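In: Here's a sequence, model it:
(3 chains)
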Amino acid sequence: MSIYDSLNEQQREAVYHTEGPLLILAGAGSGKTRVLTHRIAYLIEELGVNPWNILAITFTNKAAGEMRERVDNLVGFGSESIWVSTFHSMCVRILRRYIDRLGYDNNFTIYDTDDQKTLMKDVCKYLQVDTKVYKERSLLAAISSAKNELISVEEYALQAEGDFGRKKIAQVYAEFEKQLKANNALDFDDLLVKTVQLLQTQPDVLEYYQNRFRYIMVDEYQDTNTVQFQLVSLLAGKYKNLCVVGDDDQSIYKFRGANIRNILNFEREFEDARVIKLEQNYRSTSTILNAANAVIRNNKGRKDKTLWTDNGEGEHIQFRQFDNAYDEAEYIVSDIKEQVESGRRNYKDCAVLYRTNAQSRMFEEKFVVSNVPYKIVGGVNFYARREIKDLLSYLKTIDNGKDDLAVRRIINVPKRGIGLTTINRVQDYAAEREIGFYEALLAVDLIPSVRRSAGKLESFAALIEHFKAESVHMSISELMDLIIEETGYVEELQADTQEEAENRIENIEELKNKIVSFEESCEEAGEQPTLSGFLEEVALVADIDSLDENTDYVVLMTLHSAKGLEFPHVYLAGLEDGLFPSYMSITADDPDEVEEERRLCYVGITRAREDLTLTCARRRMVRGETQYNKMSRFLKEIPMEYLSTGTVFEKEPEESGKKLAYQQARQAFKAKAFAVNTPPKQFAVKDGAGPGYDVGDRVRHVKFGEGLVTQITEGGRDYEVTVQFDAAGVKKMFAMFAKLVKVD
DNA sequence: CTTTCTATGCTTTTT
DNA sequence: GCATAGAAAG
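Out: Next up is the predicted model:
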């Protein structure tokens, strides 16, 4: 029996079709990751392809790590030389090697959204753009979408001819690019754009990567934008062994430039493309799946397909309407608590999903008072916090003195008595001579206008030079300690009595931990940990990457973050018109906006394996004022037969009124009070068909040695086994190919 | 040059 | 309702 026997017919077809372009239309929960990992295994084991020649692109670092691990479990060895990464980190890797060909230094800095905004402010000031009329945000948005569509500064200017507003944007775009380059910095979009530019202009580089990546796979293809498409086309241009996996129904990143045409027109772009549909869902109960299908059916522009499953009907979908968001959160938290206390679920089996990050706050409060462990994904990025950015700016300055933004950020942090006027004078001097800010600082005695603060500036420059000299023979963590020590950064915080300062110090400790673990993981991989390497990793992590399946906590996140994940019990909160679908999408002229929200709803529903709870509130505080919302139109698209409601479900939406709200509150309250508890459901693994060992048994694995089986879950046609290995730690693997042997 | 007060805008979603 | 940015005062 081979490992491929566990796949269904379509999955197997996708695995065996290795030559030429292939589009896999994979519905939610149809086992696309399994297909991809098996396909890689097949290439290596059966076709003898060198792992080095395989490139797999995923959406997040977490997905990349999981894919590598799963391939590792299948193949056993060689998987470390497969390139599994996100678009962005792949581009950084290529650019670190070759970007000097485009006139940048190879140790360029990556600018995050905050840095972009700061730079944009400078640009607007310099060009005397009225930021009341042209907001930084919208300028950046315009530039970002131009970059995503591969429109250069010159092209943009040409297209803007005759339009005053667009000409202004073109001007800003040009200056913004100029300053980025002067700072030797790239923003997120540039990472992709510059890589495409590099491949287009350097035939030898293109050929090198084309030969290297003979087999390319792209996950979440529905969310690729024009640059990403171009990049993939270039790389696959020679061998055309391109396999893309996607689901047009799960395309939820249009706002980021995702081009749904990339999937709808794949067959046109790549001649002789094979198209395979995966329509069997292995994840959810038929009730959940039917509800999801009923919702998504309302969208017009989609490839026709209907997911089916031979999983059982399962439980009804729970629906509850509450008077306000407070009650909603309380219900969800107490429901989770009840489930866990009854032994039916672990905390980590439950996820709370919502449309906007702002909704997390209420849940957080409730989780804290109820003493339920939780983790919020998203919101303010750890690396975007002030203290972290400050310290990283020191590292950036030491690493790449050309990054003016970083230098200016820290020149007076902690306070050194260097004020804005001084900084501006240095800036003007530097701009005049077209040199960097830091460069100007090194020769401060040549700047006549700042003679009075020259001493302070000089000692700052000397401090940085000192760090630079020390950094040569120091590890990153030692350097960080030195910076904290000599600048007195933490000392200053300690003097602050406010509670906030304590948090800041904790965050700094956390940063130090992250540096140490970066150094450790580099050494494990046999690489020298570099400062640039650390800064780059930090710039490209998403919060979702820190999600850990082994810790028992409830996960809270936005629907966007939840893509690609699954949970036994999903709570979908805030199902109200105006919140989800968002107010913006309802009022937009383009009906496709609501369709995108509907896809988001589809993604949310299909995250659930066994239980789904939908909730909404009549009244909600938004931006300091109370809003009265109708329940979401998406709710009404779910047939009643799948729902179990605690309240009277109103078919006809009525005008909001205080009296009605009050009545509904009463109903909601009654529903809560008299809600019947459904008996715990057994999710049984069929008797006699087990993998030959049980939880608690000791087993042996070819590569990982002996270990203890801690969990067995039924997934699709196979069993997913979790083993605590004596030497290799905890691993999850499929029984079919892990070939575990019971040890007596 | 630093601190404190006031006004403004924001909430869609993220690598 | 909060965070941030800019103005005013010290």
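In: so what's A:Met362 closest to, chain neighbours aside?
Out: A:Ala329 (4.5 Å; Cβ to Cβ, 6 or more residues apart in numbering). (Glycine included, C-beta is placed from N, CA and C.)
In: ok, the one you found - contacts?
Out: Taking Cβ atoms under 8 Å, 6 or more residues apart in numbering, we find A:Ala329 in contact with A:362-363, A:365-366, A:573.
In: now A:Trp52: how far from DNA strand C?
Out: 45 Å (Cβ to the nearest atom of the strand, to the nearest Å).
In: Ignore what I typed, I meant A:Ile388.
Out: Taking Cβ to the nearest atom of the strand, one finds A:Ile388 at 12 Å from DNA strand C.
In: so which strand or helix has that residue?
Out: helix A:386-399 (DSSP states H and E).
In: Is that helix positioned near DNA strand B?
Out: No. Applying Cβ under 7 Å from any atom of the strand, one finds helix A:386-399 out of contact with DNA strand B, separated by at least 14.3 Å.
In: Check chain A for its longest strand and report it.
Out: strand A:608-622 (DSSP state E).
In: In whichever helix or strand comes after it, which residues are buried?
Out: Remark: after strand A:608-622, the chain's next helix or strand is strand A:625-628, criterion DSSP H and E. Within strand A:625-628, the residues that count as buried by 16 or more other Cβ atoms under 10 Å are A:627-628.
In: I'd like the next helix or strand past strand A:625-628.
Out: helix A:633-636.
In: helices or strands next to that following helix in the packing?
Out: helix A:592-605 (3 or more Cβ pairs under 8 Å, 6 or more residues apart in numbering; DSSP states H and E).
In: what two of the contacts of A:Ala329 are the furthest from one another?
Out: A:Glu365 and A:Ala573 (13.9 Å; Cβ to Cβ).
In: quick one: which of these two has more around it?
Out: Applying other Cβ atoms under 10 Å to A:Glu365 and A:Ala573 shows that A:Ala573 carries more neighbours, namely 29 against 14.
In: State the pLDDT value of the more buried one.
Out: Looking at A:Ala573, its pLDDT reads 94.
In: Isn't it up against A:Gln359?
Out: Yes. Proximity of A:Ala573 to A:Gln359 meets the contact threshold set by Cβ atoms under 8 Å, at 6.6 Å.
In: before we move on, back to that, could you measure the residue nearest to A:Met362 against DNA strand C, distance?
Out: 15 Å.
In: Tell me the buried residues in the host helix or strand of A:Arg39?
Out: According to DSSP H and E, A:Arg39 maps onto helix A:32-45. Within helix A:32-45, the residues that count as buried by 16+ other Cβ under 10 Å are A:32-44.
In: and the next element down the chain from that helix?
Out: strand A:54-58.
In: hmm, that next one in reach of DNA strand B?
Out: No. Shown here: strand A:54-58 not in contact with DNA strand B (Cβ under 7 Å from any atom of the strand), separated by at least 9.3 Å.
In: Tell me which residues are up against that strand.
Out: Contacts of strand A:54-58 (Cβ under 8 Å, 6+ apart): A:36, A:40, A:43-44, A:64, A:67, A:82-87, A:90, A:212-220, A:232, A:235.
In: What subset of these is buried?
Out: A:36, A:40, A:43-44, A:64, A:67, A:82-87, A:90, A:213-220, A:232, A:235.
In: What parts of chain A come near DNA strand C?
Out: Counting by Cβ under 7 Å from any atom of the strand, chain A sits next to DNA strand C at A:121, A:621, A:623-624.
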